[in-house]
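S.K.: Here is a sequence with its predicted model. Questions after.
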Amino acid sequence: MPGFMKSLNNISRCQSIYRNEKLQAEGICACHHAFILTVAKRPGQTQEAIAKEICLNKSTVTRALAHLESHGYIQRCANPDDKRETLVYPTQKLQDILPAVRGVAKEWNDTLTQAVAPEELAVFYSVLQRLENSAKHLTQEKNT
């Protein structure tokens, strides 16, 4: 299956264009989508946990969270139990745009997969999950 990564990357870039167009009115771009969903899903998690969950380096996460904080979408504060850690919480402004962000993701997924049979999607998702787990294992192995 040579070239499957090219296809996945192209789909990802197309999704970014789509998200940018749909979320422009909210004042956010596609690169913030994963951060918004992750912070909303688990308020109070550390920046390091966010970085690990979405497979990005700590400096990229710090920059993206600083942008979201400066625009009022999140609040960061020191962990009272460990001052070296920064905890991240959604603000009401993030909660207000969350339905739109989730809606854009659902609309993209539904439209993209409409011509694929549910049985094929189930197999595809299963294989894709295994590939993702392998990729995470490989990168975590190198970072420990």
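M.R.: Ah, there it is. Residues are numbered from 1 along each chain as shown.

S.K.: Provide the contact partners of the lengthiest helix in the chain at residue level.
M.R.: Assignment by DSSP state H gives helix 118-142 as the longest helix of the chain. Applying C-beta atoms under 8 Å, 6 or more residues apart in numbering, the external contacts of helix 118-142 come out as Cys55, Thr113, Val116. In this view, the C-beta of every residue, glycine as well, is placed from N, C-alpha and C.

S.K.: hmm, 6 Å instead?
M.R.: For helix 118-142, the external contacting residues (C-beta atoms under 6 Å, 6 or more residues apart in numbering) are Thr113.

S.K.: and that helix, average pLDDT?
M.R.: Averaging pLDDT along helix 118-142 gives 89.

S.K.: Point out where the chain drops to low pLDDT.
M.R.: 1-2, 141-144 (pLDDT under 70).

S.K.: again, 80 this time
M.R.: 1-2, 27, 140-144 (pLDDT under 80).

S.K.: Going along the chain, name the strands of it.
M.R.: Applying DSSP state E to the chain gives strands spanning 45-46, 74-79, 82-90.

S.K.: Name the stretch among these that sits most buried.
M.R.: Of all the strands of the chain, strand 45-46 carries the top mean neighbour count, a mean of 17, counting by mean count of other C-beta atoms under 10 Å.

S.K.: Show me the strands paired with that strand, marking each as parallel or antiparallel.
M.R.: Paired with strand 45-46 in the same sheet, following DSSP bridges, are strand 82-90 (antiparallel).

S.K.: and the residue nearest the centre of the chain, what is it in contact with?
M.R.: Central residue check for the chain by C-alpha atoms, centre = their mean: the C-alpha nearest the mean position is that of Ala34, 1.9 Å away. Taking C-beta under 6 Å, 6+ apart as the contact definition, Ala34 lies against Ile54.
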